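Participant: Sharing a model that was predicted from the sequence below.
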Amino acid sequence: MSALQVALPMYLGAPGAVQDLWMHLREALRAPGMQSLPEAIVWPQDLHAHWLSPDLLLSQTCGYPLTHALQDQVQLLGCFRYAAPGCEGLDCRSVLIARAEHANLALQDFRGLRVAFNSSDSQSGYNALRALVAPLAQGSAFFGGALETGGHRQSIDAVREGRADLAAIDCVTWALLQIHDAPATAGLCTIGHSAPYPGLPLITSLHTPPEQVLALRHGLQSLITTPAAAQALGQLLIAGFETPDLAVYQRCMEMESSAIASGYPQLA
């Protein structure tokens, strides 16, 4: 059997805090007898291969892949609650970012301008924005161009550098960058936000046995009240942990369906 994989790859800004958080969780998991736990988290380049690995112990994905490519392929462990502007309970939003010169524009004013998005299977960067634009598009193309960047940070760079004019960035990523990498957000502003949707799901492999699933959930819950983990939690804006039913992520599919029904199947 290959080494177990652990990652929390979805949020930017404080990789050291992510590693610290895993070390605290690792100690909590060793108490119920889980062995062979890795000391270091991984930062996978191929997220889909990572998420589908039979050796996946813990990772973080996005609500759209969970309801599409990963449907019936992984187990849902739960979801962190975040203390970032735009978050409420398990829900979060995407913030619409633009250059400061466009601070007085509303979303409808970006017709014919250029949009950047991280990937077409992103809930925060693509699906939520598509649902928001669909009523404005009225069945036709809305943007003058669409640039797929490969990541939220790259989308932010594209807007700041003038290669795109608008991007949807999940509010936790945006808040973490403002705290830990303020130059990345310099010269940019927010001109709106998406409708709320469930936050990033924590997952494990289908091969993870039930007793380990329970241990993971218990360990994740215990982190929230572990004094030694408080600094790492604060740096990552993590305020809680819950175990929602998979059905809450139906909202991601409803956003997709509403855009398609409006005649706007692609962000264009």
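Facilitator: The structure has been received and is ready for your questions.
Participant: Residue 43: how many residues sit nearby?
Facilitator: Residues lying near residue 43 (other CB atoms under 10 Å) number 11. The way it works is simple: take the backbone N, C-alpha and C, and place the C-beta from them, glycine included.
Participant: what's the closest non-adjacent residue to it?
Facilitator: For residue 43, ignoring the flanking residues on the chain, the nearest one in space by CB to CB, 6 or more residues apart in numbering is residue 9 at 5.9 Å.
Participant: Quick check: that neighbour vs residue 214, distance?
Facilitator: Taking CB to CB, to the nearest Å as the measure, residue 9 falls 24 Å from residue 214.
Participant: Those two: who's more crowded?
Facilitator: The residue with more neighbours, out of residue 9 and residue 214 and counting by other CB under 10 Å, is residue 9; that gives 19 against 12.
Participant: Quick check: that one vs residue 151, distance?
Facilitator: Residue 9 is 11 Å from residue 151, where distance means CB to CB.
Participant: can you give me the helices for this structure?
Facilitator: Using DSSP state H, the helices of the chain run over 15-30, 47-51, 63-67, 128-137, 152-160, 171-180, 210-223, 230-235, 250-261.
Participant: how about the longest one as CSV, C-alpha atoms only?
Facilitator: It stands for helix 15-30. The C-alpha atoms that make up helix 15-30 are tabulated as CSV, following Å, rounded to 0.1, in the frame of the first residue of the first chain:
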residue,chain,number,x,y,z
PRO,A,15,1.0,27.2,3.9
GLY,A,16,2.9,27.0,7.2
ALA,A,17,-0.4,27.2,9.1
VAL,A,18,-1.8,24.4,7.0
GLN,A,19,1.1,22.2,8.0
ASP,A,20,0.8,23.2,11.6
LEU,A,21,-2.9,22.3,11.5
TRP,A,22,-2.2,18.9,10.2
MET,A,23,0.4,18.2,12.9
HIS,A,24,-2.3,19.0,15.6
LEU,A,25,-4.8,16.8,13.8
ARG,A,26,-2.2,14.0,13.4
GLU,A,27,-1.7,14.0,17.2
ALA,A,28,-5.5,13.8,17.7
LEU,A,29,-5.8,10.9,15.2
ARG,A,30,-2.9,8.9,16.8
